[in-house]
Structures are given as C-alpha cells and as structure tokens.
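K.L.:
fold the stuff below for me.
(2 chains, ligands or ions: 1)
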Amino acid sequence: MKILVFAEHREGQLRKIAFENITLAKKLGQPFEVAVIGAEVQEIAEQLGKYGVEKVVFYKSGKLDKYSADGYAKILADAVQKQGADVLLMGATSTGKDLAPRVSAILNAAMATDCTQVDIEDDNLKIIRPMYAGKVHATIRLTSPIKIVTVRPNVYSAAEAPATAAVDTVEPQVTDFKTVVKEIISGAKGKLDVTEADIIVSGGRGMKGPENWPMIEELASLFGAANGASRAAVDAGWRPHDEQVGQTGKTVSPTLYIAIGISGAIQHLAGMSSSKYIVAINKDADAPIFKFADYGIAADLFEVVPRMIEELKAEKGM
Amino acid sequence: MNIAVCVKQVPDTEARIKLSDDKKNVNEDEIKFILNPYDEFAVEEALTLQEKHGGDVTIISLGSERTTSAMRSALAMGANKAIHIKAEKNPADPLVVAEALTQVLKQGNYDLILMGKQAIDDDHTQVPSILAEKLDMPAVTVVIKLDINGDQIVAEREVDGAHEIVECKMPTIISAQRGLNEPRYASLKGIMKAKKVQMEEIDVQLNQDRLEIIGLNYPPEKSPGKIIGESADAVPELLKLLHEEAKVI
Ligand SMILES: Cc1cc2nc3c(=O)[nH]c(=O)nc-3n(C[C@H](O)[C@H](O)[C@H](O)COP(=O)(O)OP(=O)(O)OC[C@H]3O[C@@H](n4cnc5c(N)ncnc54)[C@H](O)[C@@H]3O)c2cc1C
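P.N.:
The predicted structure follows:
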C-alpha cells in the first residue's frame, strides 16, 4: 500500500496538517511520498524533511498561484496515478474538503471525510470518522482500488523525524480553469482558526454583548488560543460565523476547550465534546455544559475571567 | 432561470442518536426528521433568484418514502417542482448518491444547481464537489454570498480564517453555507400549495457502495464533570489543575 500525502499550504506556507498527515503516514508503516501543488512554496525540502519525508514532487506553475478547485483536482488526480499511490491522505480543511471529493470523482475512488483515526487491518485501511457531528463514531472501510482519506486537523500530532527530502519539481500541464479565485479576504492577521487550535476560548450569550469580548480575546491570547463562539453569540452578530462551534458550525478537537457563558446545548456539544479537556464557566450550576466539563466554575464570568487574566499574567510575570 | 436544489432529509439537530442492536444502523424510531438545515439556505437562494429571474425551482432528493416530507417542506417554502429519486435507504457512500443525482441532473437543463454544504447526518461534505466533476461544471462550495450577472457568477466562500471571492460561468453548482441568506418560513398557503404539487418519481439503479460502514459506536464516555468552585476564588485551583493534572497549559 503506497500513500501519497497532499501537503497543503496557505499562501506559500506549508500548513500544520501536512506534517500531521506525514506523521500518520509514517505511523501506518507504509511507503509514502508527498505532493505539493502551487506557484511558490517556502522551504519544502527543509520543512518536510524535518518530519521524515524522503520524496516530494512539487507540481509547480505560475498559473497555480491562486487555488482553483477544478485546476488543482486534475493535477492531484494525475499525481496520485503518476506517483503510483493507493491511498491519498489530505487534511479535512476547507481546501481538503473542497478538493478531495473531486479527486475521488475523477479517480472513481471512495473517500472518507474528516477522519479521526486511521489504522491498517487486513491489508486495508480501518477508518473511524464521526457522524451526526460527533454523536456517533462510524468504523468504515473503503473498497475501491484507490482510497482517499481526509484527516481532521489536530487529531494526530506532528512528530519530528529528520530525514533528507529530495524534491522533484515538475511543471504540470495547466488547462483553463473553470473556477478562479479572484481575491482572498483574510480575517484578522494571523488569526488562528478554531479547527487548528490546541486551545480554544469560546464565549456565548452569557457574555452579554460584543463590548465584553476584549476580555475573551485577552484570555485567548494569554493561552495562545483561538477564539470560538456559540451560535447564540454569532446569531446576535457579536462574533463572525467562522468562529461558531457546533453542529452547524465547526467541529473541533482541541486539547483544551474553555466555554464561557455557554449553556451546553446539544448542537454546541456536538461540535466540541471530543475536546481532550473541557473547562466551563457558567453562573448556573445546573447548566448542561457542566456534565461534560472536566473542570467547572459555577460563578459569574465577569468575575472569573478577569481573575483568570490576572493570575495568568502573574504567572508570566506580566 | 432553471434551478435545481438537491436536498436531504436528516434527523433534527436536537435528536439523540440511538444505535440499532447490531450497531450497524441508527435506530430511527424516535427520531424527528427535518429538511437538512444547510439545504434551507439553498432553497431560499433559489426562490430569491426565481423571484428576480423567473423559471422553475425543482427540488430533487434521493431516499425512501419518508424523504418526501422534507421535499414538501422545501415546496412549502415556494419551490414549484419536485423529483423524488426512490431508494430503499440512503446509500452509505456519497459517491453512489452523486452518481444517481448525476443521472437525474443530466436530464434537466439547469442553469444553477444548489444544495447545502453538507448534510448534518453523515457529514461527508462530498456531493457538491463530486457533481462538479461528474457534470463537468464549475462549482463553488461553502458559499456565503452569491451574485449573478448574466451568465457570470461571483461567489464568496468561507475558508479557514479567510473568505475567497470566486468567479465562474453558469451553469454552476453552488453549496450553501449559513450566512448566505435568512430562509423564509413556509406560509399556510405555501403548505397547502405544496400538498398539491405532483412529485415526479424516478427509479435509478444505484451503484454498489465503495464506502462500507462496519459498525457504529457512541463516542467514548467522558468522565462525569466536576465543579471545582462557585466563585472567582476557584481560579488558582483551576489553573493548577490545568498545569499539573491535565498538563495542557
Ligand atoms: C438547527 C440548529 C443548529 C444549531 N447549531 C448550533 C451550533 O452549531 N452551535 C451552537 O453553539 N449552537 C447551535 N444551535 C443553537 C443551540 O440550540 C443553542 O441555542 C445555543 O448553543 C445557545 O448558545 P449559548 O449557550 O451561548 O446561549 P444560552 O443557551 O442562552 O446560554 C447562555 C449561558 O450563559 C450563562 N450566563 C449568563 N450570564 C452569565 C454570567 N454573568 N456569568 C456566567 N454565566 C452566565 C447562562 O447561565 C447560560 O447557561 C443550533 C440550533 C438549531 C435549531
């Protein structure tokens, strides 16, 4: 079984999920190669070598400076065949979720989305993926000759394993794209997305209004965390939709999830209950979130959060 | 403008999902089924476009008999046609679903094919992108804003930490994300009208699943929660636990 890891980058910087999937490929103990697609990508050999990659093919063309779903899909489908892979590993990121099913259609390859565990059993992949936003975990098997798996970010942690990576740069044939990205509107600079964060600090309706969010942002920055929100906070227009965690928002698996002024509705729990540790701060000791919280403080968040900020600053000598 | 909206019936987001005894299926006995929430945005967008440009809005869904109630919900919002692709149950494999939809979509002459960005039961997020390749059409997924000018489409899509503005030409596939619009409620008149729409029924030969579910499980049980304090004075204890017990900070 030969694996091809698609190493995703954002504006030329390789993303963490690429290293996570390389670590997964190594763990599966199968031969693997890496494919990179783009115009300019920084330090491919150095960065991938650090995680144990020996062979990379860089599909490079000036025409690939902006993402095109159909354009990238053709190149990646070709890469799977040229590099002779049986399994394509990608990240369950926005790009991965957009691109992988197209490759699946082109190669007639079955595909599993947003997987949280991948093992080998009886010469095939044994995959676990959440369904119903995590209310159920399905164990599945793909039976097509080529198989595609997108892995949820943050589930496998990238482990360094230095090797020397040989990068083979090829210029793929690029035909006219059907879809073209004209512009990328970045969120706040350097903003960490909830799906990629190790720690998430989320606020809900209990925050009372957007004017109180600086407190959440300060706490998040002290933890090096991403900001999340409940749907109530998003619907009220206090926070952007891309911060929403839950069944109709993002599903996250950080090591630490801090829920502040969030009651713990089933739709919210669905998106975050697979977090390793959950902290809840809510003034209602009967709030359902406490049933899921490893550590809870049943008190007014307007007293607890400033105290947390104060203590953390003291720890850091700030 | 001729618009198709592909929809799926799914369990209500409130539903507790219980597994069948053999742990291969979900026990549907106590589940209330609804129109997939993301599909509501797709229906709404189709109806707004219809109001502006005229034409038909055709609801298409694959599934068993119960699926028709989700289709009626979409019709009650104002869609005027419906095609039910009959199947005993929803295939486990999204490729199979997309292959069946492809056959049906090819028969119609649609300028726009809309659907939700994902169905909230299987969460595969695959069908719109597969259809794009099978139908050889452009597709923009996870769309929060859609502008149409002649046959030119400008769509804004949500990606991790940013938005992309994507251009393409019709016919196009669009998958809808929350934020695209505010779905209307069905009026009483709409509900009455929906009952009278004659649904076209289609039998298709479904391909073999290449994604097989071996078993379903509940997520690992979390240990019962613990309230460590009832005032801000519990904060030092909390941080100590995070440092020393959980070792996460
Ligand atoms: C189809 C559908 C999809 C949905 N999808 C999602 C989803 O993806 N994500 C999501 O989050 N929700 C989702 N919901 C909504 C969900 O049902 C809840 O309404 C929502 O999660 C509630 O948000 P909340 O916990 O912030 O607000 P509330 O439930 O109002 O809770 C606020 C909490 O703050 C506490 N509080 C108030 N003041 C203070 C204070 N001073 N100090 C401490 N605590 C305080 C209160 O005790 C309360 O527990 C969905 C609903 C539907 C119908």
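K.L.:
surely B:Lys145 meets B:Glu158?
P.N.:
No - look at B:Lys145 against B:Glu158 with CB atoms under 8 Å: they stay out of range, at 9.7 Å. For glycine as for every other residue, the C-beta is placed from the backbone atoms N, C-alpha and C.
K.L.:
which neighbours do those two share?
P.N.:
Shared contacts of B:Lys145 and B:Glu158, defined by CB atoms under 8 Å, 6 or more residues apart in numbering or on different chains, comprise B:Gly179.
K.L.:
what about B:Asn149, neighbour count?
P.N.:
A count of nearby residues for B:Asn149, using other CB atoms under 10 Å in any protein chain shown, gives 7.
K.L.:
and the gap between it and B:Met192?
P.N.:
For B:Asn149, the distance to B:Met192 equals 36 Å [CB to CB, to the nearest Å].
K.L.:
B:Lys145 and B:Glu158: which is more packed in?
P.N.:
Looking at B:Lys145 and B:Glu158 with other CB under 10 Å, you find the greater number of neighbours at B:Glu158, namely 22 against 15.
K.L.:
which SS class is the nearest residue to that one once chain neighbours are set aside?
P.N.:
With sequence-adjacent residues excluded and distances taken as CB to CB, 6 or more residues apart in numbering or on different chains, B:Glu158 is closest to B:Val142, at 4.9 Å. Here B:Val142 is recorded as strand under DSSP: H, G, I helix; E, B strand; the rest coil.
K.L.:
poorly predicted segments of the chain, please.
P.N.:
The chain I'm using is chain A. Applying pLDDT under 70 to chain A flags the ranges A:188-190.
K.L.:
mean confidence for the longest helix seen in chain B?
P.N.:
The helix that spans the most residues within chain B, counting by DSSP state H, is helix B:37-53. Mean pLDDT, helix B:37-53: 98.
K.L.:
and the next helix or strand past it?
P.N.:
In the C-terminal direction, the helix or strand that comes right after helix B:37-53 (DSSP states H and E) is strand B:57-63.
K.L.:
what residues of that next one count as buried?
P.N.:
Buried residues in strand B:57-63, counted by 16 or more other CB atoms under 10 Å in any protein chain shown: B:Val57, B:Thr58, B:Ile59, B:Ile60, B:Ser61, B:Leu62, B:Gly63.
K.L.:
for it, name the packing helices and strands.
P.N.:
strand B:3-6, helix B:37-53, helix B:67-77, strand B:81-86, helix B:94-107 (3 or more CB pairs under 8 Å, 6 or more residues apart in numbering or on different chains; DSSP states H and E).
K.L.:
switch the cut-off to 6 Å
P.N.:
Packing partners of strand B:57-63 (3 or more CB pairs under 6 Å, 6 or more residues apart in numbering or on different chains; DSSP states H and E): strand B:3-6, helix B:67-77, strand B:81-86.
K.L.:
of all these, which one is nearest B:Ile228?
P.N.:
Taking CB to CB, helix B:67-77 is the member of the helices and strands packed on strand B:57-63 nearest to B:Ile228, at 44.6 Å.
K.L.:
just the buried positions in that closest one, please.
P.N.:
Across helix B:67-77, burial judged by 16+ other CB under 10 Å covers B:Thr67, B:Thr68, B:Ala70, B:Met71, B:Arg72, B:Ser73, B:Ala74, B:Leu75, B:Ala76, B:Met77.
K.L.:
include pLDDT and distance to A:Met1 when you put those into a markdown table, please.
P.N.:
Formatted as a markdown table, the buried residues of helix B:67-77 follow (pLDDT from 0 to 100; distance: CB to CB, whole Å):
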| residue | pLDDT | distance to A:Met1 |
| --- | --- | --- |
| B:Thr67 | 98 | 38 |
| B:Thr68 | 97 | 43 |
| B:Ala70 | 98 | 40 |
| B:Met71 | 98 | 42 |
| B:Arg72 | 98 | 47 |
| B:Ser73 | 98 | 45 |
| B:Ala74 | 98 | 43 |
| B:Leu75 | 98 | 47 |
| B:Ala76 | 98 | 50 |
| B:Met77 | 98 | 47 |
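K.L.:
for chain A, what lies in contact range of the ligand?
P.N.:
Residues of chain A found near the ligand (CB under 6 Å from any ligand atom) are A:204-206, A:230-233, A:244-249, A:261-263, A:265, A:267-268, A:271, A:282-284, A:287, A:300-302.
K.L.:
fine, thanks again, bye for now.
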